[in-house]
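>>> This is a predicted model, with the sequence first.
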Amino acid sequence: MFREDKIMQARQEPHKADFDRATEEAKQLYKRRKKTVELSFADIKEHRGLRRFPRRGLTRATTQVGLAVLVHNLLVVHRVTETQ
């Protein structure tokens, strides 16, 4: 099933989506996501100041998010290469 199909299904059947997240496989997936994806978002929000967008417009907001993600990724690469 494509990701969009799952999103639509979750919107149409929210209780089933809750039940699906309660499976052991889903718990393991969210546990892994917590260590990777959510941590990155938290770092960008807290340490890069990306809670609000000082500029207006989708293009400027997209540019700002892109730059924040680029900085985050460069810092990760720097940290990994520094420890090797």
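Now that the structure is in, tell me what you want to look at.
>>> contacts and neighbour counts: CA atoms only from here.
Fine.
>>> Average pLDDT for the longest helix along the chain, rounded please.
Counting by DSSP state H, the longest helix found in the chain is helix 58-83. Helix 58-83 shows a mean pLDDT of 91.
>>> what's it packed up against?
Here helix 58-83 touches helix 24-47, going by 3 or more CA pairs under 8 Å, 6 or more residues apart in numbering; DSSP states H and E.
>>> Could you tell me the average pLDDT over the helix it packs on, please?
Helix 24-47 shows a mean pLDDT of 79.
>>> what is the orientation angle of it with helix 58-83?
100 degrees (axes from the mean of the first three to the mean of the last three CA atoms, to 10 degrees).
>>> Could you give me the buried positions within the longest helix of the chain?
Of the residues in helix 58-83, 64, 68-69, 72 count as buried by neighbour count, 16 or more other CA atoms under 10 Å.
>>> With distance to residue 58 as added columns, please give those in JSON lines.
Output for the buried residues of helix 58-83, formatted as JSON lines (distance: CA to CA, whole Å):
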{"residue": "64", "distance to residue 58": "10"}
{"residue": "68", "distance to residue 58": "15"}
{"residue": "69", "distance to residue 58": "16"}
{"residue": "72", "distance to residue 58": "21"}
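>>> out of the residues you listed, which one sits closest to residue 11?
For these, the residue nearest residue 11 by CA to CA is residue 69; the value is 28.7 Å.
>>> Leaving out the residues flanking it, which one is nearest to the closest one?
Leaving aside its sequence neighbours, residue 69 sits nearest to residue 44 (CA to CA, 6 or more residues apart in numbering; 7.3 Å).
>>> wait, doesn't the one you found sit right on residue 68?
Yes: with contact defined as CA atoms under 8 Å, residue 44 counts as touching residue 68 (6.6 Å).
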